[in-house]
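Asker: return atomic coordinates for the entry below.
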Amino acid sequence: MPTVLILGAGSDMAVAIARKFATEKYDIQLAGRNASVMTALQNDLAIRYGVKTEALTFDALDFASHGAFYNNLAVKPDITICVFGYLGDQEKGQADWNEAARILHTNYTGAVSILNVVAEDYAAKKQGLIVGISSVAGERGRQSNYLYGSAKAGFTAYLSGLRNRLFHTGVHVMSVQPGFVATRMTENLQLPGILTAQPAQVANDIYKAVQKKKNTIYTKWFWRYIMLIIRSVPEFMFKKLKL
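Answerer: Next up, the predicted model:
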């Protein structure tokens with residue numbers, strides 16, 4: 001069976017992705033800061049779907065550990081999905097560098113650090129598939145979340161460049177641009193229902209896109225057109241909006 005490594009496996013979106021790939025008979029490697037809290041999910045996936053599962057300790061902010069983490073994997077994954085992220089507190093981050101740094105390093109530096117390691121292995125083997133969960137927040141800066149959005153913008157550009165580089169080795173890189181998703185990370189936000197996806201919907205979209213080796217997907221699909229409109233608003237008008 002092919003194996004999927006899910007980085008940041010403690011999130012609602014990651015759990016949904018793990019369940020979707022397990023239903024399709026992929027072995028699952030769950031990686032997160034506290035492997036013990038993923039034990040219940042690990043056991044459930046193994047019993048319910050009859051796949052091999054593993055819970056692994058991984059800290060996105062411990063950059064120095066990323067090489068050893070990947071190199072020590074008993075089974076190297078066929079697919080790596082980078083899910084972890086941190087929305088953070090925009091207002092706090094404007095005055096508190098520690099909060100700003102956590103937002104930037106979790107969403108950008110940590111992702112680049114571990115995916116650089118994965119990419120080197122995949123490039124040497126000339127096979128593999130990397131999926132990065134970015135965000136539509138990275139497509140235009142807004143006052144309500146520009147620290148988070150700027151980190152995701154960087155991650156989106158990184159994935160694009162990595163895709164361009166690895167194409168010539170046979171390795172595929174897919175960018176995922178979710179809009180609003182109903183998770184614990186957004187539970188304190190007032191999200192419009194019709195525009196908001198459930199984690200299972202996102203997981204289904206990602207699975208289908210992986211099978212087709214899509215380059216970039218938006219989930220829900222209509223966010224592609226919403227963002228096209230938002231990017232088209234002239235800056236002299238956009239800067240006056242309360243977004």
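
Asker: can you map out the helices along this protein?
Answerer: 12-23, 39-49, 66-71, 90-95, 97-104, 110-125, 146-166, 199-212, 223-232, 235-238 (DSSP state H).

Asker: can you give me the buried ones in the fourth one?
Answerer: By 16 or more other C-beta atoms under 10 Å, the buried positions in helix 90-95 come out as 90, 93. All C-beta spots, glycine's among them, are computed from the backbone N, C-alpha and C.

Asker: do stretch 130-146 as well
Answerer: Those buried within stretch 130-146 under the rule 16+ other C-beta under 10 Å are 130-142, 145-146.

Asker: residue 32 is nearest to which of the helices of the chain?
Answerer: helix 12-23 (7.9 Å; C-beta to C-beta).

Asker: could you say what helices and strands the closest one packs with?
Answerer: Counting contacts by 3 or more C-beta pairs under 8 Å, 6 or more residues apart in numbering; DSSP states H and E, helix 12-23 packs against strand 3-7, strand 27-32, helix 39-49, strand 79-82, helix 199-212.

Asker: follow-up on the earlier one: out of the helices of the chain, deepest packed?
Answerer: Mean neighbour count (mean count of other C-beta atoms under 10 Å) peaks for helix 12-23 among the helices of the chain, with a mean of 23.

Asker: quick one: distance of that helix to the chain centre.
Answerer: Here the centre of helix 12-23 is set off from its chain's centre by 13 Å, with C-alpha atoms, centre = their mean, to the nearest Å.

Asker: can you tell me the average pLDDT over it?
Answerer: Taken as a whole, helix 12-23 has a mean pLDDT of 96.

Asker: and for stretch 143-157?
Answerer: In this model, stretch 143-157 carries a mean pLDDT of 97.

Asker: JSON lines for the helices of the chain, including distance to residue 58?
Answerer: Shown next, in JSON lines, are the helices of the chain (distance: least, C-beta to C-beta, whole Å):
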{"stretch": "helix 12-23", "distance to residue 58": "12"}
{"stretch": "helix 39-49", "distance to residue 58": "14"}
{"stretch": "helix 66-71", "distance to residue 58": "6"}
{"stretch": "helix 90-95", "distance to residue 58": "24"}
{"stretch": "helix 97-104", "distance to residue 58": "17"}
{"stretch": "helix 110-125", "distance to residue 58": "8"}
{"stretch": "helix 146-166", "distance to residue 58": "17"}
{"stretch": "helix 199-212", "distance to residue 58": "19"}
{"stretch": "helix 223-232", "distance to residue 58": "29"}
{"stretch": "helix 235-238", "distance to residue 58": "38"}
